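Student: Sequence and predicted structure below; questions after.
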Amino acid sequence: MKDYGEDFDKNADATKLEGVYELFRNPDLVFCGWVHYLAFDLLVGIGISMDAVKLGTSTMVYYLVVVPCLFFTFMLGPIGFLAYAIFRTLFLARNETGQKDEATSQFDGKAKVY
C-alpha cells in the first residue's frame, strides 16, 4: 500500500462513518468505491428497465417516466429506484394480473427483432 502521509489511518474502521471518511482519503479506495457504486447503479437500472418492459409499459410511458427514473438511479442511486418503485406500485402493479391497461400498455412485453 502506498504511503498517503502520517495523517492517514491504516486501521480505519469501515463500520463507522468516521472510518469511511478516513478510507475515502485514500485515492485507491475512492476508485474502488466509485466502481462499486457505478456497477450497482447500472445493475439496478437494468432491473428497472427489464421490469418495465415485462409489465408492458407503453413506449410513451417508458420514455416519459422510466427513462427519468433510470437517469436518477444512475446519478442519485436509491432516489431513482424509489421513484420507479412508487410508479410501479401505483400504476404498473395491476398489470401483473395479466390485465392490459390501455393507458400503460400497448404491446405484450415482447421485444421486436428487426
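Tutor: Ah, there it is.
Student: What is the neighbour count of Val61?
Tutor: 19 (other C-beta atoms under 10 Å). For every residue, glycine as well, the C-beta is placed using N, CA and C.
Student: Show me which helix runs longest in the protein.
Tutor: helix 27-54 (DSSP state H).
Student: Phe72 touches Pro78, doesn't it?
Tutor: No: distance between Phe72 and Pro78: 9.4 Å, which falls outside the contact criterion (C-beta atoms under 8 Å).
Student: Which elements pack onto the longest helix of the chain?
Tutor: With contacts defined as 3 or more C-beta pairs under 8 Å, 6 or more residues apart in numbering; DSSP states H and E, the packing partners of helix 27-54 are helix 67-76, helix 78-87.
Student: more crowded one of Phe72 and Pro78?
Tutor: The neighbour count for Phe72 versus Pro78, taken as other C-beta under 10 Å, is higher for Phe72 (19 against 12).
Student: what about the residue nearest to the more buried one when sequence neighbours are not counted, how many neighbours?
Tutor: Excluding its sequence neighbours, the residue lying closest to Phe72 (C-beta to C-beta, 6 or more residues apart in numbering) is Gly80, at 3.1 Å. Gly80 has 21 neighbours, counted by other C-beta under 10 Å.
Student: Quick one: residues contacting Gly80.
Tutor: When contacts are counted by C-beta atoms under 8 Å, 6 or more residues apart in numbering, Gly80 is found next to Val44, Gly45, Ile48, Cys69, Leu70, Phe71, Phe72, Thr73, Phe74.
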